[in-house]
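K.L.:
With the input below, show me the fold.
(one chain, ligands or ions: 2)
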Amino acid sequence: MDLQATLDLLAGCDIQFRRETRLDIALVKNLPIALIFLPAADIPTFVGEGRVDLGITGRDQVAEHDAQLPPGETSGVEEVLDLGFGACKLQVQVPQKGDITEAKQLVGKNVVTSFTALTQAFFAKLEGVSDASSLSTKIKYVGGSVEAACALGVADGIVDLVESGETMKAAGLKAIDTVVESTAVLVKSKNTKNELVELIASRIRGVITAQKYVLCQYNIPREKLATACKITPGKRAPTVTALEEPGWVAVSSMVEKKTIATVMDELTAVGATDILVLNIANSRTG
Ligand SMILES: Nc1ncnc2c1ncn2[C@@H]1O[C@H](COP(=O)(O)OP(=O)(O)OP(=O)(O)O)[C@@H](O)[C@H]1O
Ligand SMILES: O=P(O)(O)OC[C@H]1O[C@H](OP(=O)(O)OP(=O)(O)O)[C@H](O)[C@@H]1O
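P.N.:
Ligands and ions are numbered 1, 2, ... in the order given. Down below sits the predicted model:
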């Protein structure tokens with residue numbers, strides 16, 4: 001997991017703690033909560049069983065946990081929020097130099113992965129069988145360095161995470177299908193009664209929103225206001241204030257950071273002036 005991004009997020013929420021070396025638990029100084037640092041794959045289990053109220057892990061890990069549940073059992077883990085970082089894809093990969101171009105060509109062959117339940121479910125669908133025991137594809141678990149399995153002759157294909165694609169390329173593999181797309185998510189235990197869960201979730205939501213948006217302010221002739229507001233509709237609605245200069249108004253609106261350059265170009269084209277873009281330190285919005 002992207003530990004640093006998670007620590008930055010907690011700092012943005014003013015959750016203050018000091019983690020002693022070698023300890024996986026830290027008491028928060030300014031709230032009655034404890035933080036526990038667990039392997040990403042184990043977090044859905046602890047949260048699902050209600051032992052931990054809130055967790056941050058990858059959506060792929062939650063999906064793998066849910067896919068491991070016995071038939072009829074529902075997951076105790078509920079996604080609260082997409083945190084936006086840690087984007088990666090769980091992909092079916094095969095040797096670049098080979099005849100396999102589609103996942104269904106791996107049916108009946110050897111596939112190695114750390115995500116056995118998701119891989120079983122993926123191949124069960126391809127094979128048209130309803131349970132893992134009737135699968136003809138042989139799915140084997142390895143805990144790490146999955147990308148080495150094809151070169152070592154253990155697998156015909158693998159199912160592994162791809163972020164930049166560097167590992168896949170270096171191992172001489174190519175992706176031919178996607179099992180799950182993932183980002184880091186905030187999850188909660190379905191049956192938690194801890195009222196701090198909502199407080200923490202809303203703090204995190206505020207920080208995430210603040211990171212995603214900037215505040216855009218500009219002046220515009222009143223007759224162009226409607227056009228400008230279509231360019232900057234805001235999260236709810238733009239704030240419009242009259243200026244001392246007759247016929248002009250000032251607009252203030254939240255704009256998604258990734259679109260701000262285009263938005264500024266478009267505002268300039270419709271006659272906006274004095275365009276300012278400000279970072280948002282934190283937020284609570286509707
Ligand atoms: N390039 C990447 N490689 C691996 N995982 C990634 C990547 N980008 C995002 N992730 C997310 O991180 C999760 C795995 O985290 P990681 O392998 O670091 O486990 P950890 O147990 O938390 O830490 P570690 O094993 O490094 O001590 C993945 O399931 C995925 O959601
Ligand atoms: O597309 P990339 O940016 O190269 O990232 C993907 C690699 O990162 C992960 O491995 P990790 O570093 O967690 O080590 P592992 O092989 O021991 O799982 C994953 O299993 C891939 O091997």
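K.L.:
okay, now the closest residue to ligand 1 within the chain: neighbour count?
P.N.:
Per Cβ to the nearest ligand atom, the residue of the chain with the smallest distance to ligand 1 is Gly58, at 1.8 Å. The C-beta positions use only the backbone N, C-alpha and C, and glycine is treated the same way. Neighbourhood size, Gly58 [other Cβ atoms under 10 Å]: 25.
K.L.:
Bridging across strands, which residues link to it?
P.N.:
Beta-bridge pairing of Gly58 under DSSP bridges involves Ala184.
K.L.:
residue contacts, it?
P.N.:
Residues in contact with Gly58 (Cβ atoms under 8 Å, 6 or more residues apart in numbering) are Met1, Ala40, Gly86, Cys88, Ser182, Thr183, Ala184, Val185.
K.L.:
The helix or strand harbouring Lys89 vs ligand 2: in contact?
P.N.:
In this structure, Lys89 sits in strand 88-95 according to DSSP states H and E. No - Strand 88-95 stays clear of ligand 2 (Cβ under 6 Å from any ligand atom), getting no nearer than 6.7 Å.
K.L.:
Please identify the buried residues of that strand?
P.N.:
Cys88, Lys89, Leu90, Gln91, Val92, Gln93, Val94, Pro95 (16 or more other Cβ atoms under 10 Å).
K.L.:
Surely the fourth one and Val162 touch.
P.N.:
Read that as Gln91. Yes - using Cβ atoms under 8 Å, Gln91 is in contact with Val162, at 5.0 Å.
K.L.:
what do those two both touch?
P.N.:
Common neighbours of Gln91 and Val162, counting by Cβ under 8 Å, 6+ apart, are Met168, Ala175.
K.L.:
the strands in the stretch 1-150 of the chain, which residues?
P.N.:
25-27, 34-36, 54-58, 77-82, 88-95, 110-113, 138-141 (DSSP state E, counting those that start in this stretch).
K.L.:
Kindly present these as a markdown table, with separate columns for mean pLDDT and distance to Thr6.
P.N.:
Shown next, in a markdown table, are these (pLDDT from 0 to 100; distance: least, Cβ to Cβ, whole Å):
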| stretch | mean pLDDT | distance to Thr6 |
| --- | --- | --- |
| strand 25-27 | 96 | 13 |
| strand 34-36 | 96 | 10 |
| strand 54-58 | 98 | 5 |
| strand 77-82 | 97 | 13 |
| strand 88-95 | 98 | 15 |
| strand 110-113 | 98 | 25 |
| strand 138-141 | 98 | 26 |
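K.L.:
I'd like the C-alpha coordinates of stretch 61-73 written as PDB, please.
P.N.:
Below are the C-alpha coordinates for stretch 61-73, written out as PDB (Å, rounded to 0.1, in the frame of the first residue of the first chain):
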ATOM      1  CA  GLN A  61      -7.800  -6.700  -1.400                       C
ATOM      2  CA  VAL A  62     -11.500  -6.100  -0.400                       C
ATOM      3  CA  ALA A  63     -12.600  -7.900  -3.600                       C
ATOM      4  CA  GLU A  64     -10.300 -10.900  -2.900                       C
ATOM      5  CA  HIS A  65     -11.600 -11.100   0.700                       C
ATOM      6  CA  ASP A  66     -15.200 -11.000  -0.500                       C
ATOM      7  CA  ALA A  67     -14.500 -13.600  -3.200                       C
ATOM      8  CA  GLN A  68     -13.100 -16.000  -0.500                       C
ATOM      9  CA  LEU A  69     -16.400 -15.900   1.500                       C
ATOM     10  CA  PRO A  70     -18.300 -19.200   1.600                       C
ATOM     11  CA  PRO A  71     -21.400 -19.200  -0.600                       C
ATOM     12  CA  GLY A  72     -24.300 -17.500   1.100                       C
ATOM     13  CA  GLU A  73     -22.100 -15.500   3.500                       C
END
